[in-house]
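K.L.:
only geometry, no sequence info:
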């Protein structure tokens, strides 16, 4: 496994691989890897000649007062997990490498990114898009793998790639859940046992809403949102951010549920830990 820390070396390596006709699969992460991340790596490895994983806690996607300093980190463990998964290249740049002195360019998407998480985190997706543009230019992937849990992020990045003519495929892999149903997330490590009990209400509420649609044939959006909200807000530690039914392709809110197209998305704070989740209908 090759570990690269220099942006120039990463770009030169990628250009060389592309010149050899190698298919590059890329998984961008902020580290503290879990089985959800590793499932994305397996997708990349199955489709590509060369698998690349980036580990970089991107400061520009954290807003004022958010958890940048508290975000979990364990690079030694992450590198061991990547090695165990037979990742070919791990890109581990420093903040100074990615954002050198004088860096002043940012990239925005102004339709998908402004709703849902974009309301409470207005600068978040600008940071996500900017770092993805830089990583795509450095790693030169043929395809990039994201997780379904981060549904809005995947749609935003797909829109960016289309609008800016990046020759890259955006692959979305299924959400991986713990045995208790909680969607795997790096921020789960910040939950104490009591908070985790309330965090489980995200998946329980989503699957209750899904059951109304799939098993009982209910199509009324307000009825579904009411069911999900009622379950979520029963938690003592829970502060609800949003519950919406959206079109999975463009994240626009739906007036009526269309099976195969609609999904329920939620975001909530468990005390000071913000979590997101979703289910397809």
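P.N.:
Now that the structure is in, tell me what you want to look at. Note that the coordinates shown come from a computational prediction; the quantities given were computed from them, not determined experimentally.
K.L.:
Quick check on the closest residue to residue 173 other than its chain neighbours: phi, psi?
P.N.:
Spatially, and ignoring its direct neighbours in sequence, residue 173 is nearest to residue 43 (4.9 Å; Cβ to Cβ, 6 or more residues apart in numbering). For every residue, glycine as well, the C-beta is placed using N, CA and C. In this entry, residue 43 is assigned phi and psi values of phi -60, psi -50 (degrees, to the nearest 10).
K.L.:
hang on, residue 43 packs against residue 145?
P.N.:
Yes: if you go by Cβ atoms under 8 Å, residue 43 and residue 145 touch, sitting 4.9 Å apart.
K.L.:
Tell me which of these two has more neighbours.
P.N.:
Neighbour count, other Cβ atoms under 10 Å: between residue 43 and residue 145, residue 145 has more, with 27 against 20.
K.L.:
Now do the SS call for residue 132.
P.N.:
Three-state call for residue 132 (DSSP: H, G, I helix; E, B strand; the rest coil): helix.
K.L.:
For it, grab the count of nearby residues.
P.N.:
Look at residue 132: counted by other Cβ under 10 Å, it has 27 neighbours.
K.L.:
host element of the residue lying closest to it once chain neighbours are set aside?
P.N.:
Closest residue to residue 132 apart from its sequence neighbours, by Cβ to Cβ, 6+ apart: residue 157 at 5.5 Å. Take DSSP states H and E as the rule and residue 157 turns out to sit in helix 151-163.
K.L.:
Next secondary structure after that helix?
P.N.:
Under the assignment DSSP H and E, the closest C-terminal helix or strand after helix 151-163 is strand 169-173.
K.L.:
wait, is residue 60 part of a helix?
P.N.:
Yes: assessed by three-state DSSP, residue 60 belongs to a helix.
K.L.:
residues in contact with it?
P.N.:
In this structure, residue 60 makes contact with 99, 106, 123, 126, 127, 130, 131, judged by Cβ atoms under 8 Å, 6 or more residues apart in numbering.
K.L.:
likewise residue 4?
P.N.:
10, 13, 89, 90, 91, 92.
K.L.:
Surely the fifth one touches residue 51?
P.N.:
No: proximity of residue 91 to residue 51 does not meet the contact threshold set by Cβ under 8 Å, at 11.3 Å.
K.L.:
quick one: the strands in this protein?
P.N.:
2-4, 24-29, 50-55, 89-91, 143-147, 169-173, 238-247, 262-270, 273-280 (DSSP state E).
K.L.:
what lines up beside the fourth one in the sheet?
P.N.:
With DSSP bridges as the criterion, the sheet partners recorded for strand 89-91 are strand 2-4 (parallel), strand 50-55 (parallel).
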